[in-house]
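Asker: sequence first, then the predicted structure, then my questions.
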Amino acid sequence: MGLPRLFARTAIPETTELAMASGPVTVAVRVNARAHSYRLSVSARGEPVLTVPRGGRWPDAQAFLERNTGWLSARLNRIQSPYALAPGAIIPLRGVPHRLVSLDRLRGLVSLVDHGDEPELHVPGGPDHMRRRLVDWLKSEARADLEIACARHAQNLGVKVSGITLRDQSTRWGSCSSSGSLNFNWRLVLAPPDVLDYVAAHEVAHILEMNHRPVFWRTVAKTFPDYERPKAWLKAHGASLMAL
């Protein structure tokens, strides 16, 4: 056995599987050049992530993960979303609870049926395709709402939005690039309309102020004076929407 092969480092995989009492759990592995130590975290949707510093060794990362199995098990047990994308479940749409109804027919679009007491979302394709069909529809609804809101705030602030992108993120509601392109989490359509409107105002204001100094919040207030209330709602209830 030559020296290069003897001292070869074990490649760091993109994912690893951890055996736990409840069954196997897949852990995403991320190498972070800014990390100074191994770190284990869990996203709002219950996705474990192992962060490995640049130069870290995979055997050391595995040992760290094994030592923290108990913490991970307890953390996963605490993360529970009150919402689910399954037949019969109730989810909010623009802040209003809707019951999900699965339709057996394969073709067709998601439709909103309002009986007066409990509105429903009818989703074609059967239970196996409910999440994909429903998320696609929710994204289109979110885009329509965000385009209207961003256009209004951009006009109020005298700026131009270069583009809007919907993302499936687990920690962020929105972001703004230096070119004026805005990114939003599609789950905003689940929240009350003023919450989506606030996040739109927030990101449009970043076109002028790429910071969170007092001048930024004064800019937000110019186009959305009552931003504190939806901001507080998102802080209090956003995690449950992120977990969906």
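Answerer: Cool, the structure landed. Numbering: from 1, shown residues only.
Asker: and residue 154, how far is that from residue 227?
Answerer: Look at residue 154 and residue 227: by C-beta to C-beta, to the nearest Å, they are 16 Å apart. (C-beta placed from N, C-alpha, C; glycine too.)
Asker: tally of neighbours for the closest residue to residue 25 other than its chain neighbours?
Answerer: Using C-beta to C-beta, 6 or more residues apart in numbering and skipping residues adjacent in sequence, the residue nearest residue 25 is residue 18, 4.9 Å away. Residues lying near residue 18 (other C-beta atoms under 10 Å) number 17.
Asker: give me phi/psi at residue 18?
Answerer: phi -110, psi 130 (degrees, to the nearest 10).
Asker: show me what the lengthiest strand in the chain is packed up against.
Answerer: When the chain is parsed with DSSP state E, its longest strand is strand 23-32. Other elements packing on strand 23-32 under the criterion 3 or more C-beta pairs under 8 Å, 6 or more residues apart in numbering; DSSP states H and E are strand 15-20, strand 48-53.
Asker: given it, what are its sheet partners and their directions?
Answerer: Paired neighbours of strand 23-32 in the sheet (DSSP bridges): strand 15-20 (antiparallel), strand 48-53 (parallel).
Asker: immediately after the longest helix along the chain, which helix or strand?
Answerer: Ranked by residue count under DSSP state H, the longest helix found in the chain is helix 130-157. Once the chain leaves helix 130-157, the next helix or strand it forms, by DSSP states H and E, is strand 163-167.
Asker: list the buried residues of that following strand.
Answerer: 164, 166 (16 or more other C-beta atoms under 10 Å).
Asker: how about stretch 43-60?
Answerer: 44, 46, 48, 50-53, 56.
Asker: and that stretch, C-alpha only, in CSV?
Answerer: The C-alpha trace of stretch 43-60 is given here as CSV (Å, rounded to 0.1, in the frame of the first residue of the first chain):
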residue,chain,number,x,y,z
SER,A,43,-34.8,23.1,10.0
ALA,A,44,-38.3,24.3,10.7
ARG,A,45,-39.6,21.3,8.6
GLY,A,46,-37.6,18.8,10.6
GLU,A,47,-34.7,18.3,8.2
PRO,A,48,-31.4,17.5,10.1
VAL,A,49,-28.3,19.2,8.8
LEU,A,50,-24.7,18.4,9.8
THR,A,51,-22.3,21.3,9.1
VAL,A,52,-18.7,20.3,8.6
PRO,A,53,-15.9,23.0,8.6
ARG,A,54,-13.6,23.1,5.7
GLY,A,55,-10.7,20.7,6.4
GLY,A,56,-12.9,18.6,8.7
ARG,A,57,-12.5,14.8,8.6
TRP,A,58,-15.5,12.6,7.9
PRO,A,59,-14.7,10.1,10.8
ASP,A,60,-14.7,13.1,13.2
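Asker: okay then, goodbye and thanks.
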